[in-house]
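A.B. asks: Please find the sequence and the predicted model below.
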Amino acid sequence: MKRYDLIIVGAGPSGLSAAVEAAKRGLKTVVFDENEKPGGQLFKQIHKFFGSKEHKAKIRGFVIGEQLLKEADEAGVEVVLNATVIGLYQDKEVVVRIGEAVHHYKGDAVIIATGASENMVTFEGWTLPGVIGAGAAQTMMNLHGVKPGNKVLMLGSGNVGLVVSFQLLQCGCEVVALVDAAPKVGGYGVHAAKVARTGVPFYLSHTIVKAEGEECVTGVTIAEVDSHFRFIPGTEKHFDVDTICLAVGLSPMSQLLKMAGCEMEDNPKRGGQVPVCDEYGRTSLAGVFVAGDVSGIEEASSAMIEGRMAGIAAAEYLGYMDKEEMDRNLADLDQALDGLRQGMFAPKNRGKDIETTDEGIPVSKNLLKHGFVADEEIERFPGVTHAKGIHPVMECTQNIPCNPCQDACPKHCIRIGSNITALPAVEEGSECVGCGMCVASCSGQAIFLVDETYEEGYASITIPYEFLPLPVVGEKGDALGRDGSRVCEAQIIGVKSIPAFDKTNLLTMKVPAEYAMRARFYKKG
Amino acid sequence: MENRIAEHPILGVPEKGRKVTFTYNDRQVEGYEGEPIAAALKAAGLMVHRYTKKEHKPRGIFCAIGRCTDCVMVVDGKPNIRTCVTPLKEGMKVQTQYGVSGKPFEEQ
Amino acid sequence: MSNCAEVVIIGGGIIGCATAYYLAKKGTSVIVLEGSDHIGNGGSSRNGGGVRQSGRDPRELPLVMYGIQHYWPTLSEELEVDCEYHQDGNLRLGKTEKHLQILQGLTDRAVAVGLDVRMIDGDEVRAINPYLSQEVIGASWCPTDGHANPLTTTLGYYKMARRLGVHFITGEKVTGLKKIKGKLRQVITENTVYEGETVVLAAGLDSRKIAASVGIDIPMQAAMLEALVTEAEPHMFDQMLGTAEADFYGHQTKHGSFVFGGSSGLEGFTKDNGTPVTNSLTAPCICRGIMKYFPILSDAKIVRTWAGWMDKVVDGVPVLGNVEEVPGLVLACGFTGHGFGIAPGAASQLAELIVDGTTHVDLSDLRYDRFRAKI
Amino acid sequence: MNQINDRSRDIGAFVPAPDDDMIICRCEEITKGEIRKAVHDGMFTLTEIRRYLRTGMGLCQGQTCAKLVKGIVARELNISPAQLEPATSRVPMRPIEMHVLANEGKEDE
């Protein structure tokens, strides 16, 4: 039987990362993936990632995917696509369907990096065509260039629901509402804010009563729920939609491990049925490792680090490095992973009610309830200041592990400090030149350049803009507030798109001065 | 094809294979070679892939990655083909699936 | 709840559940102890669903015939569950002259016990089942054989027995038996002790170890069997199928899927890691076997494969009935991979034996003390 | 891991609910009411539910409904879903045509 040092199942962020580390140490490594294209979900992630440099922050997911593939290729990893692993048998035998045959392989070590599958919820009509998973929407629009629908209702306010809503808007769909049964927005506030400011209404403490339609979805009714998630009669709201998108969480896809006889546990904190494993992915079966979402739902950024860890642990297991070297390698990765697992959304804070930021500032209640920071709340955050002339306004109000803005400014106007989750603040005495690098580098699209004294009676506001068609200088339209409602007329006075912005265009609009701190989006009139 | 994204602000103009024609039941439909059958149907606004065996209810795309198997259809005479992961080819014969058959229930 | 009952049954498979049901119907109080977490977790849920007389050893044939005459046809109504029983015959297929000789031998022995079974040629076979390939040159044909759904049947017996007040406890592993004043009385588990006037040992393979605690040995050992199921297909045929060489056996279910069991030839020596784990070589081998007989199924998709340990007795038939040396002990084990179809017959007779002291079918050929050296 | 499970313990009577006709297992079209009734018929484990009703036995092999069924059964038994062991995962992880499974690749391929 053909034998490899290391067989990896899944060519997503964690699997490829593991392969790179292992192959670099000399392990004969193969990666099997059932999909036609490698990279897993990275190729559907078109937004810029959070984190810091070592986490590939401000790089778009699909670009990270391309980089990983190149790394794997250079390290000599064999990546086999359209290769469906149908079973993990005794003695680490992996049976793979490739084309019209099944092949048997043995690995001295095996890393399972199969990722996650989507959770679903039930409601009347949930089986109708037009009710789809958020992953399906991403696949259709970002991989196949097909709009998932024209009028869409999104259920789920976690990061997936928020990010996919934004992607739907980007490909030209109308998102009629973002709904979640929870009383608070589950995902990052900045993701919510960039959706809300385009005019998408958020309905927290609401869920779907029924999908309507005979042959396919033609409408949806939602209603408010009480604290026990029971519908409150009389609160029903109807929307005409052709698509209902479900983004209600992920579950580890751990079936191969269960089949192989790994000790498993049901761990709600990790998203469901997961193998019992240590921090480097070692399972109860000697030589079988796990990495990424299959061992607990997190972000692609952490999956990549976990993958590297498992790759290194496998190299040590097979004698390709000694324990000392492994410990040294792992220590660096530990630190990187730890960096990502900080802040309000850290795994340890899941389910907790956080009232104030690390800086002691009360969090925005409006952001949690409606998806945007209210005008009267915004001024209390350290990134929001007033200055003469052009200056950055950073509407970053939650402690999340992300700091590209700090490095983006050539004039060092922005300070986060060594604590990656600290809120960005304006460095006193620094001088903004209005280059816009911070605006384009902010993965949360939460930085704006504001010149409150642009012209007599007028302010200029530079916003990140990732939609088509791109407005042209001189055109007039509406400036929208953080809540997506019209605040005033706006005129486009600048459109800037340079390669360094990586497709985040900078739109500068002129608005009456009194709206300088309220206008945050532009809509063609 | 109104459901196609002509140009995407981040991804640009989608890369597609050559244009091909296939049949959906008795109808000629255009799509691009190599894309999933389901994507071509979706682009053409065709939502119903099959009717279920017990309750005869319509189903369509649900997960789009080959897991849920809701999007199965009869393709070139074979039932239960996951259209979301089956590449489109010129001249393919794609039929609505009724239960496990290409024949409507009243003819089964 | 009390740890005492008139009868304690060890093993919550179809034999245990069905015996409990027939006992409860006679008004007997019963406790059923199942070592695993699930009812019917051994062969009861892992077999191919055959309800078959042909091909059986003449010693157990009367028992299965009794069940087919008296219980199977009305079992769905009785258990209030769809047992999916089909009595549409069994074809045991042959492709070579040697196969036909094997089939002839089996047929002759069954006819001698009064079973309606006969040899038919290839064309007759295809008249019954037009999907079979031309390679098939003959078969034994038993029109009163059939198949059923082992999952719903087993759980149906459980459901009805439970409804009649039988006390089931799962996850209760029996470690031994104990005689009190010369009569078997106690069943000792990892957690507690149960008491009964009669103890029925229906724990499949585990029965050997348990029986050893009262000095009884049943010469049986583990052998692994595997099976697979396809996606639903349009309805094709209703017969139960087997082959002379046992390449595969199975049927199309009501659901439309095909359930086939089979072997790779390696299972006699399968590594035992404690749980039934499929061997990577077996399912492909079963598929190749099936495709020779049914080329039309080559595009059918396999959705699941599974394995199970069978309790294989040295002479291939179960051990049933009282043990005089250990008064109070009733054995019901060693069904050797064909315990499903025979279960209603066997269980009903055990219930008669325990309550009435006599049975409609003579069980004496299946006694525990039948085993002899070859010379 | 085996756990003592008394199948005669009182879980209350089956009470019909308005959403009993909601499809839970999309492949096999099994409803919430059928699942809840099965629990009251004694099917206390996900494996038994699966064998009794066919939930998760269809084409997708429970990829979509496993967690939903688990939640329903747990609620009916008044226990936490984490206490219910999921049904066994079995080969193949994706449906595979008989002629493909039968065709074992050669070593050098």
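C.D. replies: On my side now, so go ahead. Residues are numbered from 1 along each chain as shown, chains lettered A, B, ... in the order given.

A.B. asks: what sits against residue 27?
C.D. replies: I'll assume chain A. Applying CB atoms under 8 Å, 6 or more residues apart in numbering or on different chains, we find A:Leu27 in contact with A:5-6, A:109, A:314-315, A:318, A:320. Heads up, the C-betas are built off the backbone N, CA and C, glycines and all.

A.B. asks: Other residues contacting the helix or strand hosting B:Met73?
C.D. replies: Using DSSP states H and E, B:Met73 sits in strand B:72-75. Contacts to strand B:72-75, defined as CB under 8 Å, 6+ apart, come from residues B:37, B:49-50, B:79-83, B:86, B:92-97, B:101-102, D:59.

A.B. asks: Okay, now the sheet partners of that strand, with direction.
C.D. replies: strand B:78-82 (antiparallel), strand B:93-95 (antiparallel) (DSSP bridges).

A.B. asks: Okay, buried residues for it please.
C.D. replies: B:72-75 (16 or more other CB atoms under 10 Å in any protein chain shown).

A.B. asks: How far off centre is the helix or strand of chain B with the lowest mean pLDDT?
C.D. replies: Lowest on mean pLDDT, DSSP states H and E among the helices and strands of chain B sits strand B:78-82, with a mean of 95. With CA atoms, centre = their mean, to the nearest Å as the basis, strand B:78-82 stands 11 Å off its chain's centre.

A.B. asks: Tell me which stretches of chain D form strands.
C.D. replies: Along chain D, counting by DSSP state E, strands occupy D:5-6, D:23-25, D:30-31, D:96-97.

A.B. asks: Report the central residue of the chain.
C.D. replies: This is for chain A. A:Asn159 (5.7 Å; CA atoms, centre = their mean).

A.B. asks: my bad, chain D
C.D. replies: Short answer for chain D (CA atoms, centre = their mean): D:Arg50, at 4.0 Å.

A.B. asks: from what I can see it touches D:Gly62, true?
C.D. replies: Yes - applying CB atoms under 8 Å, one finds D:Arg50 in contact with D:Gly62, separated by 7.5 Å.

A.B. asks: Could you tell me which residues touch both of these two?
C.D. replies: D:56, D:69, D:87.

A.B. asks: Verify the stated contact: the second one with D:Glu28.
C.D. replies: No - distance between D:Val69 and D:Glu28: 11.0 Å, which falls outside the contact criterion (CB under 8 Å).

A.B. asks: residues shared between the contacts of those two?
C.D. replies: Common contacts of D:Val69 and D:Glu28 (CB under 8 Å, 6+ apart): D:55-56.

A.B. asks: Now do the phi/psi pair for A:Val95.
C.D. replies: phi -110, psi 130 (degrees, to the nearest 10).

A.B. asks: So the biggest helix by length in chain D, near chain C or not?
C.D. replies: Longest helix of chain D, by residue count under DSSP state H: helix D:66-77. No - counting by CB under 8 Å from any CB of the partner chain, chain C has no neighbours in helix D:66-77; the shortest distance is 13.0 Å.

A.B. asks: who's in contact with that helix?
C.D. replies: Helix D:66-77 is contacted from outside by A:119-120, A:122, A:251, A:272, D:11, D:24-25, D:32, D:35-36, D:39-40, D:44, D:46, D:49-50, D:55-56, D:62, D:80-81, D:83-84, D:86-87, using CB under 8 Å, 6+ apart.

A.B. asks: I'd guess A:Thr207 is in a strand, am I close?
C.D. replies: Yes - assessed by DSSP: H, G, I helix; E, B strand; the rest coil, A:Thr207 belongs to a strand.

A.B. asks: What parts of chain C come near chain A?
C.D. replies: C:271, C:273, C:275, C:277-280, C:284.

A.B. asks: Any idea which of those residues the model trusts least?
C.D. replies: Among those, C:Asn273 has the lowest pLDDT, at 72.

A.B. asks: That one: neighbouring residues, count only.
C.D. replies: 10 (other CB atoms under 10 Å in any protein chain shown).

A.B. asks: if we can go back for a sec, among the strands of chain D, which comes closest to A:Ile98?
C.D. replies: Smallest distance to A:Ile98 across the strands of chain D (CB to CB): 11.4 Å, for strand D:96-97.

A.B. asks: Is any residue of that closest one near chain B?
C.D. replies: No - using CB under 8 Å from any CB, strand D:96-97 stays clear of chain B, coming no nearer than 9.1 Å.

A.B. asks: okay, now the residue nearest to A:Pro38 when sequence neighbours are not counted: neighbour count?
C.D. replies: Spatially, and ignoring its direct neighbours in sequence, A:Pro38 is nearest to A:Ala11 (4.0 Å; CB to CB, 6 or more residues apart in numbering or on different chains). Neighbour count of A:Ala11, defined by other CB under 10 Å: 29.

A.B. asks: Now do the contacts for A:Ala11.
C.D. replies: Neighbour list for A:Ala11: A:19, A:31-33, A:35, A:38-40, A:79, A:81 [criterion: CB under 8 Å, 6+ apart].

A.B. asks: A:Trp441 contacts A:Lys58, doesn't it?
C.D. replies: I think there's a mix-up here, since residue A:441 is Ser and not Trp. Yes - contact criterion CB under 8 Å: A:Ser441 and A:Lys58 qualify, at 4.9 Å.

A.B. asks: Spit out the residues that contact the two alike.
C.D. replies: The contact sets of A:Ser441 and A:Lys58 overlap at A:48, A:404, A:408 (CB under 8 Å, 6+ apart).

A.B. asks: which residue packs closest to the second one, ignoring adjacent ones?
C.D. replies: In this case it means A:Pro404. A:Pro404 sits nearest to A:Lys58 (CB to CB, 6+ apart), 4.1 Å away.

A.B. asks: for that neighbour, what are its contacts?
C.D. replies: Taking CB under 8 Å, 6+ apart, one finds A:48-49, A:404, A:408, A:441-443, A:502 in contact with A:Lys58.

A.B. asks: Distance-wise, check it relative to A:Asp502.
C.D. replies: 8 Å (CB to CB, to the nearest Å).

A.B. asks: of all the contacts of A:Ala11, which two lie farthest apart?
C.D. replies: A:Ala19 and A:Asn35, at 15.4 Å, using CB to CB across the contacts of A:Ala11.

A.B. asks: Between those two, which has more neighbouring residues?
C.D. replies: A:Ala19 (33 against 19).

A.B. asks: still on that earlier bit, please tell me how far the residue nearest to A:Pro38 sits from chain B.
C.D. replies: From A:Ala11 over to chain B the distance is 14 Å, taken as CB to the nearest CB, to the nearest Å.
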